[in-house]
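**Student:** fold the stuff below for me.
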Amino acid sequence: MFLLDDHEVVRRGLHDMLVVEEDLEVVGEAGTAAEALARIPAVRPDVAVLDVRLPDGNGVEVCREVRSRDAHVRCLMLTSYSDDEALFDSIMAGASGYVLKEIRGTELLTAVRDVAAGRSLLDPEATHRVLRRLRDGGRPAAGDARPEPLTEQEQRILDLIGEGLTNRAIGERLHLAEKTIKNYVSGLLAKLGMERRSQAAAWVARRRAERER
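**Tutor:** Reported below is the predicted structural model:
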């Protein structure tokens, strides 16, 4: 596992708590986003515990970049603040979990193990709260005229946006250039009457939740 936090005391506390566990190993640490982006690809941890707020950026951007390079690395966001924007950005970046630093040590250990096992820790209530707040920011409202139908390729790309993949990651999945994906995204957003990919992702998540219900 890899630890990213700009406070050395916090980082040391996390390290000391984790290394005494027989099934957990800390393979690297960083105090800035730049250091993390340089070191994480080299050590390829199963889990990266990332502080959201950093002096030279934020953990969400680190998560997005790391996941676009290597989907094997699962990210657990750790923050002092309950922030819907950061939560939604974390979902979009492909994070597996989002927890507050006030979490108890035993709960954090469980969270790390769950994320390592491929389980999601994103709280459904918090996620739905974010989606409710964002769903009217460009998504066609109920009763509006139906949007122009998407092509099969556009629908594939929309589904992958809903999974939190970047244009680069989508391009690699579909064997297309990143620029080509960018053009597809612009086209499907226009068809859906949206301005931002976050709106499209929120719409996809809401439709999936409705189908599951």
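**Student:** sec struct for V49, please.
**Tutor:** strand (DSSP: H, G, I helix; E, B strand; the rest coil).
**Student:** that one reaches G13, doesn't it?
**Tutor:** No: taking contacts as Cβ atoms under 8 Å, V49 lies outside contact range of G13: 11.8 Å. The way it works is simple: take the backbone N, C-alpha and C, and place the C-beta from them, glycine included.
**Student:** among those two, which residue is more densely surrounded?
**Tutor:** V49 (26 against 13; other Cβ atoms under 10 Å).
**Student:** so how far is R196 from that one?
**Tutor:** According to Cβ to Cβ, to the nearest Å, V49 and R196 sit 28 Å apart.
**Student:** and for S120?
**Tutor:** S120 is 23 Å from R196, by Cβ to Cβ.
**Student:** the more surrounded of these two?
**Tutor:** S120 (15 against 12).
**Student:** please name the nearest non-neighbouring residue to that one.
**Tutor:** Once flanking residues are discounted, S120 sits nearest to S96: 5.5 Å by Cβ to Cβ, 6 or more residues apart in numbering.
**Student:** contacting residues around that neighbour?
**Tutor:** R74, C75, L76, V115, G118, R119, S120, L121, L122 (Cβ atoms under 8 Å, 6 or more residues apart in numbering).
**Student:** so which of these is the most crowded?
**Tutor:** C75 (28 neighbours).
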